[in-house]
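Trainee: Would you be able to build a 3D model of this:
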Amino acid sequence: MNHLELTKKVEWKDLKKLSVKEMLIENNISLPWFFISLFLAYKGYYWAALPFSGFYFLTALRQVHNGFHNSLGTGKFLTWLSMYLNSISMVTSIHAVKFNHIRHHKYCLSEEDYEGKSASMKWYEAILYGPKHIFLIHWITFKLANKNYKKNMIFELISISVFVFVAFYFKIDFLIYHILIMFFGEFLMAFFAVWTVHHDTHENPNIARTQRGFWKNKLTFSMFYHMEHHLFPAVPTIKLPELAERIDKVLPELNKKQTF
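Mentor: Predicted coordinates for the structure are as follows:
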């Protein structure tokens, strides 16, 4: 069964609409983790701050990922603002990531899919590939994107540079901690955001890996419902558990490779 046949069998369009509560959750889900991690780092409790920094990175990724697909439930400006602010706090141009992610959906795991390059590697190769992955995300945007993407990327990179310069020049330790942890997270993106959900799926790229298990998905903020996302990219992350239930009910025979 191909991609189009699958999407015709599952009701999904009603899941695009967010309630006010759901919209507030999707647009602010990263903030508690962000402020708690910064507060603990400010107090010098860096080890205690680490898990909160990790959860910030994951929830911020969820937030901007919804922004890529216009699934935050807000208008264009607020979506742009969310992506811009998270660019600074995640020390990566999110518009560059968006450009490559949209191409990833269009050319999934083909030669034109620069985001998906690490999917064909071994797990340790994907980890080592991380720094090159982040460099290529920006370089490919510079080479192939339209003027609007390039303008946003350059603006974000300048803003990030100012943020990093201020933190290091004035030796603001808790911000330096945050910047270093975010760099570390970005270097692991090729493994966690690509390899874990796409390895050994090249025979049918749009049937990506997924995750079942209540606590596993709670702890990962539903970010590993990746098969569901590839089949129905317009569905916001908060609705993916319900979408997964519909897919399981309508297509119980579908081979669902687990993420972990």
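Trainee: from memory H69 sits against P233, does it?
Mentor: Yes. The pair H69 / P233 is scored as a contact, 5.1 Å apart, by Cβ atoms under 8 Å. For glycine as for every other residue, the C-beta is placed from the backbone atoms N, C-alpha and C.
Trainee: So for these two, which residue has more residues nearby?
Mentor: H69 (20 against 15; other Cβ atoms under 10 Å).
Trainee: Can you name the residues that contact the most centrally placed residue in the chain?
Mentor: Nearest to the mean C-alpha position of the chain, counting by Cα atoms, centre = their mean, stands L61 at 3.8 Å. By Cβ atoms under 8 Å, 6 or more residues apart in numbering, the contact list for L61 reads M90, A193, M223.
Trainee: Now name the helix or strand holding it.
Mentor: helix 46-68 (DSSP states H and E).
Trainee: how far away is A190 from P131?
Mentor: Computed as Cβ to Cβ, to the nearest Å, the A190 to P131 distance reads 9 Å.
Trainee: These two: which is more packed in?
Mentor: Neighbour count, other Cβ under 10 Å: between A190 and P131, A190 has more, with 27 against 12.
Trainee: That one falls within a strand, correct?
Mentor: No. Counting by DSSP: H, G, I helix; E, B strand; the rest coil, A190 is not found in a strand; it is helix.
Trainee: And the pLDDT for E156?
Mentor: Model confidence at E156, given as pLDDT, is 98.
Trainee: Next: K8.
Mentor: What the model reports for K8 is a pLDDT of 83.
Trainee: How many neighbouring residues does it have?
Mentor: 8.
Trainee: give me the number of residues near F57?
Mentor: F57: 24 neighbours (other Cβ under 10 Å).
Trainee: swap that for P51, sorry
Mentor: 13.
Trainee: same check, this time on Y42
Mentor: Y42, neighbours per other Cβ under 10 Å, totals 15.
Trainee: wait, what's in contact with it?
Mentor: With Cβ under 8 Å, 6+ apart, Y42 has these contacts: F174.
Trainee: That one and S159, how far apart?
Mentor: For Y42, the distance to S159 - Cβ to Cβ - is 22 Å.
Trainee: now S89
Mentor: S89 is 10 Å from S159, by Cβ to Cβ.
Trainee: ok so, going back, what's the spacing between the residue nearest to the centre of the chain and K150?
Mentor: Relative to K150, and taking Cβ to Cβ, L61 is found at 23 Å.
Trainee: if we can go back for a sec, which of S89 and S159 has more neighbours?
Mentor: S89 (19 against 15).
Trainee: Could you tell me whether that one really is in a helix?
Mentor: Yes. Using three-state DSSP, the assignment for S89 is a helix.
Trainee: got the contact list for it?
Mentor: Neighbour list for S89: F34, Y56, A60, H178, M182 [criterion: Cβ under 8 Å, 6+ apart].
Trainee: In CSV, list these along with neighbour count.
Mentor: Converted to CSV, these look like this (neighbours: other Cβ atoms under 10 Å):
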residue, neighbour count
F34, 20
Y56, 28
A60, 24
H178, 24
M182, 20
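Trainee: Mind putting these into TSV with pLDDT and distance to E22?
Mentor: Formatted as TSV, those follow (pLDDT from 0 to 100; distance: Cβ to Cβ, whole Å):
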residue	pLDDT	distance to E22
F34	98	20
Y56	98	20
A60	98	18
H178	98	28
M182	98	27
